[in-house]
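# Here is a sequence together with a model predicted from it:
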Amino acid sequence: MRSNSLHAEHIFRSKLPDINIPDHLPIHDHCFEKFPSVADRPCLIHGETGIIYTYADINNRQHKVIIHFPGFPHMNINLHLLT
């Protein structure tokens, strides 16, 4: 018997073609591998407020978290910034 979940799953698909993300590469490394050439470009746009975060903004926030929580696993930081 399946239990009813309070949280519905939403999957949003882009109209753009899918991109290939290698399985051997952590998502953070994939996102930031071209960092020097895209540092000032939009990385995230907050849907409700319209605030635009550049790749440099996200990278700086990540480093601030690393400084304050040195034992925090590196790969979790990017995911927490996005939630």
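Done, it's in.
# Show the low-confidence segments of the protein, by residue range.
Per-residue confidence of the chain (counting by pLDDT under 70) places the weak regions at 1-7, 65-66, 70-83.
# Please repeat the previous calculation with a cut-off of 90.
Applying pLDDT under 90 to the predicted model, the residue ranges of the chain that meet it are 1-16, 18-36, 38, 43-48, 55, 58-83.
# Okay, strands next: where are they in it?
42-45, 52-54 (DSSP state E).
# now the ones you listed as TSV including distance to residue 10?
In short, each C-beta sits where N, CA and C put it, glycine included. Written out in TSV, the entries for those read as follows (distance: least, CB to CB, whole Å):
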stretch	distance to residue 10
strand 42-45	18
strand 52-54	22
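# could you dump the ones you listed to TSV with mean neighbour count?
Putting those into TSV (neighbours: other CB atoms under 10 Å) gives the following:
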stretch	mean neighbour count
strand 42-45	14
strand 52-54	14
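# Which one, of those strands, ends up nearest to residue 24?
strand 42-45 (22.8 Å; CB to CB).
# Listing partners with orientation, what would you give for the closest one?
strand 52-54 (antiparallel) (DSSP bridges).
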